[in-house]
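> structure here, sequence nowhere to be found:
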């Protein structure tokens, strides 16, 4: 069964897209191949498989080896990030690593993080992938996660020169020289074996107290982390999965073929799953359209005619009939009622 972990916020990916386009690389065709668009980069979540397809397309079309490195540099540090709050409020850096390993799904749904503690007080973080991905995409993700993790550690410890020794399983890439841009970093490539990234920290770093740690905040953040992981790992019915996917798609893309492509299955397979649950794609898509109509009528000054066209209704009359059948009011009545309530007036 699908899970919410199959969806992922696109905001970090959007920064990479913006960077590439600022360098003269158009990402339109790559996004189209993944069933995405620029507008979808502003959504809360998109299917994670679409992200993998887009990354593979961008790697192929740009020919660049440094997209994981660039993605890490472009990632903004946000105070609302649960993983960052766990890091900031742990007693010591090593404690933070152990906590992050426990909730590694929050860092990336495809990441398996292991902390190897050493007798001398130092530790090594080992990053592997939970699932099989295209080689170049897996490499990009591991490099990006390792470097962005180090960036967060520098921020949490307020130390731009934070020492860290990186070791990667893959051969030396063309952009290896760029690691000189990271103060305090040493790097080694070509470990061989299973794809993985290692981050070695000496005892002087691993045992360093976090300067802004707060035990009460740490307990509160850990509760949030537990709840967040539980929510991500909750199984969804295919009806819920389809509805959530459609809610992230643009109006003109609300077709069974587009949704199935984002969910990485054929339209026939999706229809079969929905039928087993007593649901139908057309009914779910219609519910999503009506909900969008409610939002547009309540929050925009678009005409009713334009809203109907935007949402794919054949005519204004068809839109009005469908909307009234679902809500009990015509579009104009619904808008008038909302306006009266907002103004504190009784509807006429």
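It's in. Everything quoted here is computed from the prediction, not taken from an experiment.
> tell me what the lengthiest helix in the chain is packed against?
Ranked by residue count and defined by DSSP state H, the top helix of the chain is helix 135-157. Contacts defined by 3 or more Cβ pairs under 8 Å, 6 or more residues apart in numbering; DSSP states H and E place helix 135-157 against helix 48-62, helix 67-74, helix 82-89, helix 93-102, strand 123-129, strand 164-168, strand 197-201. For every residue, glycine as well, the C-beta is placed using N, CA and C.
> in that helix, what counts as buried?
136-154, 156-157 (16 or more other Cβ atoms under 10 Å).
> ok so, going back, can you say which of the helices and strands packed on helix 135-157 is nearest to residue 237?
Ranking those by proximity to residue 237 (Cβ to Cβ) places helix 48-62 first, at 18.3 Å.
> report the buried residues of the closest one.
48-59, 62.
> where does the prediction get shaky in the stretch 201-348 of the chain?
235, 250-253, 344-348 (pLDDT under 70).
> element containing the residue nearest to residue 126 when sequence neighbours are not counted, please.
Spatial nearest neighbour of residue 126, chain neighbours left out: residue 114 (4.5 Å); criterion: Cβ to Cβ, 6 or more residues apart in numbering. Taking DSSP states H and E as the criterion, residue 114 maps to strand 111-117.
> tell me what angle that strand forms with helix 135-157.
Relative orientation of strand 111-117 with respect to helix 135-157: 50 degrees, computed using axes from the mean of the first three to the mean of the last three Cα atoms, to 10 degrees.
> ok, for residue 139, nearest residue in space, not its chain neighbours?
For residue 139, the spatially nearest residue (Cβ to Cβ, 6+ apart) is residue 170, at 5.6 Å.
> how is the protein divided into domains?
Domains of the chain are assigned by automatic domain parsing as 66-232, 238-343.
> who wins for proximity to residue 17 among those?
domain 66-232 (9.8 Å).
> what about the closest one, how long is it end to end?
Taking Cα to Cα, to the nearest Å, domain 66-232 runs 30 Å from one end to the other.
> out of the domains of the chain, which gets nearest to residue 23?
Distance to residue 23, taken as Cβ to Cβ, is lowest for domain 66-232 among the domains of the chain, at 9.3 Å.
> just to revisit the earlier point, surely the residue nearest to residue 126 and residue 130 touch.
No. Using Cβ atoms under 8 Å, residue 114 is not in contact with residue 130; the gap is 11.9 Å.
> out of the domains of the chain, flag the one nearest residue 35.
Short answer: domain 238-343, nearest of the domains of the chain by Cβ to Cβ, at 4.8 Å.
> gap between the two ends of that closest one?
So domain 238-343: terminal residues 41 Å apart, Cα to Cα.
> do the same with stretch 87-104
Termini of stretch 87-104 sit 12 Å apart (Cα to Cα).
> in that stretch, what's buried?
Those buried within stretch 87-104 under the rule 16+ other Cβ under 10 Å are 87-90, 92-97, 99-104.
> identify the farthest-apart pair in those residues.
Spatial extent of those (Cβ to Cβ) is set by the pair 92 and 104 at 18.7 Å.
> so what's the residue count around residue 231?
Look at residue 231: counted by other Cβ atoms under 10 Å, it has 11 neighbours.
> whoops, residue 226 was the one
Residue 226 has 12 nearby residues by other Cβ under 10 Å.
> thinking again about what came up before, which of the buried residues of stretch 87-104 lies closest to residue 270?
Nearest member of the buried residues of stretch 87-104 to residue 270, counting by Cβ to Cβ, is residue 104, at 30.0 Å.
> what's the nearest residue to that closest one if we skip its chain neighbours?
Residue 104 sits nearest to residue 113 (Cβ to Cβ, 6+ apart), 4.0 Å away.
> let me have the domains of the chain in TSV, extended by distance to residue 20.
Output for those, formatted as TSV (distance: least, Cβ to Cβ, whole Å):
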stretch	distance to residue 20
domain 66-232	8
domain 238-343	21
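> list the contacts for the residue nearest to residue 139?
Listed by Cβ atoms under 8 Å, 6 or more residues apart in numbering, the contact set of residue 170 reads 139, 189-190, 195.
> just residue 300 next, same as before
residue 307.
> quick one, phi psi at it?
Backbone torsions of residue 300, given as degrees, to the nearest 10, read phi -120, psi 170.
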